[in-house]
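>>> sequence first, then the predicted structure:
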Amino acid sequence: MSLYTPEKLAEIDAHSRKARRAKKWNQFLHMVGNHSLLIGLSAIFILPLYLVVVISLMSKGQAETRSLWPHPFVWHNYLEVFTAVPFLKWTLNTLFVSVMGTIGTVVSSVPPAYVLSRLQWKGRQTTFLIILSTMMLPGQVTMIPVYIIFSRLHWIPSFLPLIVPSFFSSAFSIFLLRQFFTSIPDEISDAARIDGCSEFKLMMRIIVPLAKPAISAIALFAFLGSWNDFFGPLLYIVENENLWTLGIGLNAFQGIHHVDTNMMMTASALFMAPVIIIFFFSQKVFIEGVTLTGVKG
Amino acid sequence: MSLTRVNAISPFKKKGDIAPPRKKLKVPRLFIFLCLSPWLFGIIFFTAYPMVSSFYQSFTKFNLIESPKWVGLDNFHRMFFEDDDFWKALKNTIWISAISIPLRICFAIFTAWILTKPKMGKSIYRTIFFLPSMVPAVAGTMAFTYIFNPAYGPINKMLEAIGIKEPPFWFMDPAWSKWGLILLGLWGIGDTMIIFLAGLLDVPTSLYEAAELEGASGWQSFRYITLPLMTPVIFFSTVTGVIGSFQYFTQAYVASGQVNDYSHSMYFYATHIYYSAFKAYEMGYASALAWVLLVITLLCTLVILKTQKRWVHYPNGSLFK
């Protein structure tokens, strides 16, 4: 006689189906749990941004009543901010400094990164170690003498102290580019060299185009670094109101003239907007850049 | 005789045993020099000279107008024995680092870990979690001081709505202002989180499968697989966290300007350097402060480096061993 009678088999089948269903149910519960946790966290992360936007659309009176929804919507705030504070000028100043800083960083960081990764020479490792250690050096240690240099050159207040240093390489950008350049196979260079390609041409025509993702990452970091910078402008341009950047303007304006809070939130929202828009378009570049080096900016 | 000696030293240098020398590439010295020149110029004028100069200035009295006057160790004596603000700043800085560095790491692990879970919508969640770390520090701080304002900010209204009777006054209250800054920091966890996320995704799934077969619970596989493999990232974040926290400036400066922080509860080490140098124009004293900062940071880094053998696991051997 068989051990597995039809009844027994049916029982086993029912049992395993039950187990499978229980497992599915369990997975479903897990999924619901995970998603509600993720949605909750997302809400917390979004909340401050949401509040800024919402308050920026309130009337002056309503902005101080702790309400969570504009009534009525004062779209006009976004026009008024340009007359209430010299917002356009601040934006143009910030844009100018950021664009120049980005150009400087890219132009001056590609060549050092190239020779550090694509060529063999004595002292290469030492140079790389020096670059790594300057990345860790607190800016405060060099800040005062650098300030004195710029003040002797009569560059304070002006944009020059914010722009010129970026034309002398950034350790972080060299590091990021070098990591990427190293991953390009040597055979490509060898082939070009055998064909009689000069080293400069090889860098510009072959390696740079291949390293576009890394170069856009450092450009992005440099741009955001200048756009978000507060300390540099605080040292070098605060004395001349015509040179103020968005950060300095937003921070200082309230102390000097009285500006309503809804206006300040409108200005903050406009200050954040470009960064957020850039982020949505360049997320991949950005996240790869962070993971390639483990550092932001 | 001499030949045998050479052979004894290097067995490979026998006649006829040498591989034909690879055609050596001419090292383009001029090209290398030209390429490095922007960096060389930068490191000389913006790093090396300033370091030497600020080291010298830390032993002087210097106000930018008159030339520096040598005062020996006076600046350091003043710092440790006469300057109450220095101790206040140091205490504030240590307090906030001791709380925010571990908290940030835990929160980064948690957010990164939860991000690896869902099958759908991963990238949307990741974008949302990462977004706040992109917000300019000034704008983020202004937003926080406003929405956490006890009188007209909506956050306390929400806290009251969920049953917290007397929510703190946050930035307006010296006992709570640092917590406001810590929350602001946690909000911008994105960049740290991404590093942890990359680390988590590198953990081979076979390890988790094996653990599941052995009947390990979710917590056990996190504790005995994920966490040990994350230690290099934790180590790295601790080091950069310590270095960063001694330079913590913008958020604290903006927040204390917004709420008139009379009791100096948001007065940190970097703030003290800034005020000494650019408000009081005591460049010598500020340089001394900066060098003490460098020494403290180096010491902390060394201590963490020393302890790493005990808790950091490198799957493929260490970079620093």
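Everything's here; your move. What you see is a predicted model, and the numbers here were worked out from it, not measured in a lab.
>>> A:Ala222 reaches A:Ser173, doesn't it?
Yes. Using Cβ atoms under 8 Å, A:Ala222 is in contact with A:Ser173, at 6.7 Å. From N, CA and C alone the C-beta is placed, and that goes for glycine too.
>>> any idea how far apart the tips of stretch A:65-84 sit?
22 Å (Cα to Cα, to the nearest Å).
>>> got the phi/psi numbers for B:Trp70?
phi -70, psi 130 (degrees, to the nearest 10).
>>> touching, it and B:Gln57? I think so.
No. With contact defined as Cβ under 8 Å, B:Trp70 does not count as touching B:Gln57 (10.1 Å).
>>> name the residues contacting each of A:Ala222 and A:Ser173.
The contact sets of A:Ala222 and A:Ser173 overlap at A:Thr105, A:Val106 (Cβ atoms under 8 Å, 6 or more residues apart in numbering or on different chains).
>>> of these two, which one has the most company?
For the pair A:Ala222 and A:Ser173, the greater number of neighbours falls to A:Ser173 (27 against 24), based on other Cβ atoms under 10 Å in any protein chain shown.
>>> mind checking how far that one is from A:Met136?
Noted for A:Ser173: a distance of 15 Å to A:Met136, by Cβ to Cβ, to the nearest Å.
>>> so where's the chain uncertain?
All of this is about chain A. By pLDDT under 70, the low-scoring segments of chain A are A:1-3, A:255-257, A:290-297.
>>> my question was about chain B, not that one.
B:1-25, B:315-321.
>>> got the contact list for the residue of chain A found nearest chain B?
With Cβ to the nearest Cβ, the shortest gap between chain A and chain B falls at A:Phe168, namely 2.9 Å. Residues near A:Phe168 by Cβ under 8 Å, 6+ apart: A:Ser108, B:Pro38, B:Trp39, B:Phe41, B:Gly42, B:Phe45, B:Phe46.
>>> ok, the last one - contacts?
Spelled out, that is B:Phe46. So B:Phe46 contacts A:Thr142, A:Val146, A:Pro165, A:Phe168 (Cβ under 8 Å, 6+ apart).
>>> next one: A:Ser59
Taking Cβ under 8 Å, 6+ apart, one finds A:Pro70, A:Pro72, A:Val74, A:Asn262 in contact with A:Ser59.
>>> what about the first one, neighbour count?
Taking other Cβ under 10 Å as the neighbour definition, A:Pro70 ends up with a count of 19.
>>> just among the contacts of A:Ser59, which is most surrounded?
In the contacts of A:Ser59, the most neighbours by other Cβ under 10 Å go to A:Asn262, 25 neighbours.
>>> verify the contact between it and A:Thr65 for me.
No. Taking Cβ under 8 Å as the definition, A:Asn262 is not a contact partner of A:Thr65, at 11.1 Å.
>>> burial count for residue 243?
Just so you know, I chose chain A. For A:Leu243, using other Cβ under 10 Å, the count is 20.
>>> chain B, not that one
Using other Cβ under 10 Å, the number of residues around B:Ile243 comes to 18.
>>> cool, and the one 10 residues further on?
Burial measure for B:Tyr253: 25 neighbouring residues, criterion other Cβ under 10 Å.
>>> likewise for A:Gln283?
Applying other Cβ under 10 Å, I find that A:Gln283 has 16 neighbouring residues.
>>> next SSE after the strand or helix carrying B:Met158?
Secondary structure assignment for B:Met158, by DSSP states H and E: helix B:154-161. Where DSSP H and E defines the elements, the next helix or strand beyond helix B:154-161 is helix B:177-187.
>>> hang on, A:Pro165 packs against B:Gly42?
Yes. At 7.0 Å, A:Pro165 and B:Gly42 qualify as touching, with contact defined as Cβ under 8 Å.
>>> which residues touch stretch A:273-289?
Outside stretch A:273-289, the residues that touch it by Cβ under 8 Å, 6+ apart are A:176, A:213-214, A:216-218, A:220-221, A:223-224, A:227-228, B:126-127, B:130-131, B:134-136, B:194.
>>> sorry, wrong one. I was asking about stretch B:273-281.
Contacts to stretch B:273-281, defined as Cβ under 8 Å, 6+ apart, come from residues A:140, A:143-144, A:147, A:234-235, B:63-64, B:85, B:249, B:253, B:282-283, B:285-286, B:289-290, B:293.
>>> need the next SSE after the lengthiest helix in chain A, C-terminal direction.
Longest helix in chain A by number of residues (criterion: DSSP state H): helix A:6-56. Moving toward the C-terminus from helix A:6-56, the next helix or strand (DSSP H and E) is helix A:77-84.
>>> that following helix and chain B, any residue contact?
No. Judged by Cβ under 8 Å from any Cβ of the partner chain, helix A:77-84 stays clear of chain B, getting no closer than 13.3 Å.
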